[in-house]
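K.L.:
Everything below, folded, please.
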Amino acid sequence: MELDEATLDGTWTKDNKGKPQFFIINEAIMSKLCILGQEVEPCFEGASIGPVQFALEDEFKQRVYAFMEKMQEILSNEGGTPVFNTYAVEIGDALWNAIYDWLWMNRRDDDLCIHGIYEDGDQKFVILRNRKDLTYYRLNFSISDENGFVAEGQLE
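P.N.:
Okay, here's the model as predicted:
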């Protein structure tokens, strides 16, 4: 699931040491959604996809229902191609936590959030945004099994 940043309203909770623990979403518009299949446990209780009633043109209704039938067919056939999410779970979460730890230790006065993590050739970098004045910053970094997350230089 991908949330639209412009409509996202939420806050980070902090542990007893003041480090970010988890993000509480108060309100957001979902801009993208990936359906993993019936054999995958929903990410939150009561999540499901079912028939939808539209008050729109008949042609549009037919296209939507045809799409839903095709989706149901795919889901009933073992969910199609398996999706591997090792990066998101094993690297992605740890990387985001490492970046927020670095921010907490080095930039406590800023109200910075991660806008995105990118790669340009071999150079990895994170784009950060100040929530107050909407200023963007770039922080180059490296990550390895031996050293973990290492920031290279300062925010640009």
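
K.L.:
Could you use CA atoms for every contact and neighbour count after this?
P.N.:
Will do.

K.L.:
okay, now the domains of this protein?
P.N.:
Following automatic domain parsing, one gets these domains for the chain: 35-76, 98-156.

K.L.:
Run a quick neighbour tally on Asn130.
P.N.:
15 (other Cα atoms under 10 Å).

K.L.:
ugh, typo on my part, it should be Ser48
P.N.:
Per other Cα under 10 Å, the neighbour tally for Ser48 reads 9.

K.L.:
Find the nearest non-adjacent residue to it, please.
P.N.:
Leaving out its chain neighbours, the residue that sits closest to Ser48 by Cα to Cα, 6 or more residues apart in numbering is Pro42, at 7.6 Å.

K.L.:
before we move on, what about Ile99?
P.N.:
Phe149 (7.5 Å).

K.L.:
what's next to stretch 2-19, contact-wise?
P.N.:
Contacts made with stretch 2-19 from outside it, assessed by Cα atoms under 8 Å, 6 or more residues apart in numbering, are listed as 20-33, 100-101, 104.

K.L.:
just checking, what's the longest helix in the chain?
P.N.:
Assignment by DSSP state H gives helix 58-76 as the longest helix of the chain.

K.L.:
in the chain, which helix or strand is least confident?
P.N.:
Ranked by mean pLDDT, DSSP states H and E, the weakest helix or strand in the chain is helix 86, scoring a mean of 46.

K.L.:
helix or strand right after that one?
P.N.:
Note on helix 86: by DSSP states H and E, the next helix or strand toward the C-terminus is helix 93-106.

K.L.:
avg pLDDT for that next one?
P.N.:
On average, the pLDDT along helix 93-106 is 82.
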